[in-house]
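Engineer: sequence-free structure coming up:
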Ligand SMILES: Nc1ncnc2c1ncn2[C@@H]1O[C@H](COP(=O)(O)OP(=O)(O)OP(=O)(O)O)[C@@H](O)[C@H]1O
Ligand SMILES: [Mg+2]
């Protein structure tokens, strides 16, 4: 294919868009609305995942030992735990460390100096960090069954709640997004079809003059691509400017959640959202126009 | 004329129809009924006949806009009926076509209308810039290349259409009532132009109702009636049907 042919198709594609301004505008706006919602869901999804991941990292099960447990037995318990798949890592906290941390947190330096012995002598423990938080209760049951274990402390955040929220949001979002994408592909298809019917005469002349299918169809496919592209860029810009404000709003109004809400920075969100959004926009533009053109433009 | 070998004869034939029948899907009678004809390269042929006698159907078959119900069509050695779909555009580039209603693109000027035909066949830009002015001066419109179709007279518009049909140098030109919308003066000018084009070697098949022109030009005349060729005369005349 010659470059001039390529340029011709692009130029004609733009002309098509301009020729039916109103329909092009409606197509772009519909696609933009769909992709805006897509972007919002996507950003929420990313943040939920981000928060869950953060929370999971903090989830920690603590094991305290019985008085009878020897150092060897503690060693043994540690290696048994490490063998379990859901366990990422363990950390042994000595009695002194436990006291240091506890006293730091609840008393001042001077008060602590008054103690000559460690009041938490029996509080050495094993902190367990997990790969898969949904396995927490199974792990706790297992730990309770071990000889030498006195007490098991679970993490305050129940992991199941987080993971189920995560997947529910995902399913609902995906269903809505697919529905919306079908709608906007349909509207782009209609716009392209209108362009075809407005240019019936030109198309028939092109055929007499020996234009190939490709040559006749390319401008209309370009039109669809342009509509899809613009439809994806508009919401990206909107989301870029609205994201920070939305985050500020959440933090201001839900102060109590602040410790839990570790939002993703906009750059990271855009890094994922922009390519996906543009690909989806261009993709539905292509599908919407390609099949219309195939159906209505036969040489 | 000395007897020639069959292959050599075939090479001299521009258009050949063998027992062509065309029945439209919703038509009761065939629009073309067992039509056979041969047109040699370089010929100028008039097709005349009553309204509904099948002239435009014949043109459409040659353009492969339609396929015949039966029979074979060969154009410059191409088996038109069995042409693969993907080959149709290339085939059409070997045929220029002109219609009664000009069929110019109204949103483009004269130059762009003609250049359009070259862009479609993916000609080089530099060839386009050379060929379009050449062909426009040949049809006598060099000075009007910036005009829009609606700023031109009927005769001028038809010249643009002829320029567009010829700019890619097709060996055959089909014309379906090219002077049907023109007054006698303009009709004659268009016919003179087509005759010149024919003298340069282009085979021309021309459908017309214009009795005076047919009688004056002394070319081969094929007369059709209800889908059948009823007469085919060298240096023929327009046969009145009454
Ligand atoms: N698309 C079509 N569908 C059905 N019948 C058709 C179609 N086109 C033409 N016909 C019929 O085929 C016959 C031949 O039509 P055609 O257009 O070839 O005539 P023509 O010789 O060009 O007439 P005119 O001089 O009026 O242009 C007519 O009876 C016409 O009604
Ligand atoms: Mg006709």
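Structural biologist: Happy to help now that I have it. Small disclaimer: the values here were computed from a predicted structure and weren't measured. Ligands and ions are numbered 1, 2, ... in the order given.
Engineer: quick one: the residue in chain A that chain B sits nearest to from ligand 1, how far?
Structural biologist: Residue nearest to chain B within chain A: residue A:210 (3.6 Å; Cβ to the nearest Cβ). (C-beta placed from N, C-alpha, C; glycine too.) Separation of residue A:210 from ligand 1 (Cβ to the nearest ligand atom, to the nearest Å): 22 Å.
Engineer: residues contacting residue 32?
Structural biologist: Let's take chain A. Contacts for residue A:32 (Cβ atoms under 8 Å, 6 or more residues apart in numbering or on different chains) come out as A:230-232, A:234-235.
Engineer: please go with chain B instead
Structural biologist: Going by Cβ under 8 Å, 6+ apart, residue B:32 touches B:20-22, B:54, B:57-58, B:61, B:68, B:227.
Engineer: closest to chain A among the residues you listed?
Structural biologist: residue B:61 (13.9 Å).
Engineer: roughly how far apart are that closest one and residue B:177?
Structural biologist: 17 Å (Cβ to Cβ, to the nearest Å).
Engineer: so between the two, which is more surrounded?
Structural biologist: Under the criterion of other Cβ atoms under 10 Å in any protein chain shown, the comparison of residue B:61 against residue B:177 puts residue B:61 first, with 23 against 20.
Engineer: a strand runs through residue B:205, doesn't it?
Structural biologist: Yes. Under DSSP: H, G, I helix; E, B strand; the rest coil, residue B:205 falls within a strand.
Engineer: residue B:175 is in contact with that one, correct?
Structural biologist: Yes. Here residue B:205 reaches residue B:175: they are 7.2 Å apart, a contact under Cβ atoms under 8 Å.
Engineer: still on that earlier bit, the residue of chain A closest to chain B contacts residue B:89, doesn't it?
Structural biologist: Yes. Taking Cβ under 8 Å as the definition, residue A:210 is a contact partner of residue B:89 at 4.6 Å.
Engineer: let's have the contacts of residue A:32 in a markdown table, adding neighbour count.
Structural biologist: As requested, these are exported to a markdown table (neighbours: other Cβ atoms under 10 Å in any protein chain shown):
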| residue | neighbour count |
| --- | --- |
| A:230 | 19 |
| A:231 | 29 |
| A:232 | 28 |
| A:234 | 18 |
| A:235 | 23 |
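Engineer: what sits against residue A:224?
Structural biologist: A:188-189, A:192, A:285-286, A:288-290, A:292.
Engineer: oh, that last question was meant for residue B:42, not what I typed.
Structural biologist: Residue B:42 touches B:14, B:198, B:201-203, counting by Cβ under 8 Å, 6+ apart.
Engineer: show the buried residues in these.
Structural biologist: For these, a burial check counting by 16 or more other Cβ atoms under 10 Å in any protein chain shown picks out B:14, B:198, B:202-203.
Engineer: looking at those, spot the one nearest chain A.
Structural biologist: Nearest to chain A among the buried ones among the contacts of residue B:42: residue B:202, at 16.2 Å, using Cβ to the nearest Cβ.
Engineer: what mean pLDDT does stretch A:152-167 have?
Structural biologist: Across stretch A:152-167, pLDDT averages out at 63.
Engineer: hmm, I typed the wrong one, I wanted stretch A:69-82.
Structural biologist: 85.
Engineer: of the contacts of residue B:32, which belong to helices?
Structural biologist: When DSSP state H is applied, those are split such that B:57-58, B:61 fall in helices.
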